[in-house]
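Peer 1: turn this into a structure:
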Amino acid sequence: MEELLTPAEMARADAVAVALGHPVAALMAQAGRAVARAIRARIAPCRALVLCGPGNNGGDGLAAARYLARRGWPVAVASLHDAALQGAARDGAWACPRAPFTPTEAARRDLVIDAVFGAGLSRDLDPRVEATLAAARRVVAIDVPSGLDGATGQPRGAVRAAGLTVTFFRRKPGHLLLPGRLLCGELVLADIGLPAAVLETVRPHTWRNTPALWTLPEPDAASHKYRRGHASVVGGAAMTGAARLAAEGARRAGAGLVSIAAQGSAATYRAGAAGVIVDDAPLADQLGDARRQVWVCGPGLGAAARPALAALLAAGRQVVADADALAGDPACLRGAAVLTPHAGEFARVFGTPGADRLAAARAAAARTSAVIVLKGADTLIAAPDGRVAINDNAPPFLATAGAGDVLAGMIAGLIAQSMPAWQAACAAVWLHGEAARLAGPGLIAEELAPLLARAFAAARGYTHAG
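Peer 2: Have a look, this model is predicted:
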């Protein structure tokens, strides 16, 4: 699994590593070597300037400069505070030329290495740092581009985007959350010798969403359609396409049976996919079937969504609430298994998430006791117990009408196969993104479900390779 460490958690990991016998100086040397190696693999020798800050990030920069200089690179160092370089020189660790920390100096160099501030900066950048980095032709950042909040992915001031960012041990949430992901450019994760055992003390609660985080249900030789679960979708009278997309997502995700509870327009639903059961009995009667435990409520329902959701929750069903079901007081959503709001729906129910979307998603999950799938290019999947996965495999062309309906159905289809709600939501979000990647530009929602077989194969190949 790919844990993500907040800046505070990374600081604890460093402290534990030191206590286990890994000196700070040795870790800095390894970090500097990793940065130099990443640069040399991508950039031909050129005039480089290392901008150093006062903390460990600056120390990593000094080490990187030393390794580049040993390889014959013309490297100079500019320090934000002279005391940092004076200490390095006194310790015999420094031999590179000095340069002023100015925009003019940055502009005359071919490459600027940003070692000013790491991910834990708790204030906005000062104008001197902003102007100097802005003047650079090309930037490689150590840990994060200076001014990027490693916990939230939000900029603190005018952050200069890097073409390459080298970080260590584990990624941080800000490396995956937008706009941080874009500001980092290419991200290299380097091993600098921290033992994985430090995670037993840090105990992170945030992960990158990959197939290593969850296990897909695997039918065996004795499986039959009833053992693979029955997923149902509440189908509205007007926007019938939404429920049909959700039903197809549930089928392709592996549910053994899928029904549409047609609340009108039954003939339209029956003219759709042959393998979908259409039941036009009153919803209350359909809830009398105890085998139908997993439901999707919301896509295309309009005003009928809220009473339908109330009936499903009162009957104790596992509900994936999407679209029109996501309205009103959050208390009305308690009891749902999964809520799948996009940013506008989230704001409508819980208020604007603000700069810290991770904290907002966690709070919403705790408040409703439901898994929250806060959809976007950096979808967050938050569990009521505080676990969060950040998804980063969704291509831009997934932003198309109906894609969310397919996703809601996929989540229900996995839950119907007895996959726990958080894992089912994580898996569905990743598979959804992979199917979109396979489809490529020009994707429409109808193309997602047919590509899920290949997405499942990719997920199984990922875990096998890992």
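
Peer 1: Provide a list of residues in contact with the closest residue to L374 other than its chain neighbours.
Peer 2: Once flanking residues are discounted, L374 sits nearest to L380: 4.4 Å by CB to CB, 6 or more residues apart in numbering. No exception for glycine: its C-beta is placed from N, CA and C like everyone else's. Contact analysis of L380 by CB atoms under 8 Å, 6 or more residues apart in numbering lists 357-358, 361, 372-374, 388-391.

Peer 1: can I get the residues you listed in CSV with secondary structure and distance to T165?
Peer 2: Output for the contacts of L380, formatted as CSV (DSSP: H, G, I helix; E, B strand; the rest coil; distance: CB to CB, whole Å):
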residue, secondary structure, distance to T165
R357, helix, 20
L358, helix, 20
A361, helix, 24
I372, strand, 28
V373, strand, 28
L374, strand, 25
V388, strand, 22
A389, strand, 21
I390, strand, 16
N391, coil, 20
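
Peer 1: out of these, who's the most crowded?
Peer 2: With neighbours defined as other CB atoms under 10 Å, the most crowded of the contacts of L380 is V373; it has 31 neighbours.

Peer 1: residue contacts, that one?
Peer 2: By CB under 8 Å, 6+ apart, V373 lies in contact with 338-341, 379-381, 407, 411, 425, 429.

Peer 1: can you rerun that using 6 Å?
Peer 2: Each residue near V373 by CB atoms under 6 Å, 6 or more residues apart in numbering is listed here: 340, 381, 425.

Peer 1: how near is it to G249?
Peer 2: The spacing between V373 and G249, counted by CB to CB, to the nearest Å, is 13 Å.

Peer 1: same check, this time on E345
Peer 2: In this structure, E345 and G249 are separated by 18 Å, where distance is defined by CB to CB.

Peer 1: now S122
Peer 2: Using CB to CB, S122 is found at 42 Å from G249.

Peer 1: what's the answer for A457, then?
Peer 2: In this structure, A457 and G249 are separated by 17 Å, where distance is defined by CB to CB.

Peer 1: same check on G433?
Peer 2: The value you get for G433 to G249, if CB to CB is used, is 14 Å.

Peer 1: between the two, tell me which one has more neighbours.
Peer 2: Using other CB under 10 Å as the criterion, G433 and G249 rank with G249 on top: 36 against 21.

Peer 1: and the helix or strand where that one lies, what does it pack against?
Peer 2: If you go by DSSP states H and E, G249 is part of helix 240-252. Contact analysis of helix 240-252 by 3 or more CB pairs under 6 Å, 6 or more residues apart in numbering; DSSP states H and E lists strand 230-235, strand 257-262, helix 403-416 as its packing neighbours.

Peer 1: adding mean neighbour count and mean pLDDT, write the ones you listed out as a markdown table.
Peer 2: Listed next are the helices and strands packed on helix 240-252 as a markdown table, based on neighbours: other CB atoms under 10 Å; pLDDT from 0 to 100:
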| stretch | mean neighbour count | mean pLDDT |
| --- | --- | --- |
| strand 230-235 | 30 | 98 |
| strand 257-262 | 24 | 97 |
| helix 403-416 | 30 | 98 |
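
Peer 1: right, and those - which one's nearest P74?
Peer 2: The closest approach between P74 and any of the helices and strands packed on helix 240-252, judged by CB to CB, belongs to helix 403-416 at 50.5 Å.

Peer 1: what's in contact with that closest one?
Peer 2: Counting by CB under 6 Å, 6+ apart, 229, 231, 242, 245-247, 249-250, 253-255, 294, 296, 299, 318, 320, 322, 338, 340, 424-425, 427-428, 432, 445, 448-449 sit against helix 403-416.
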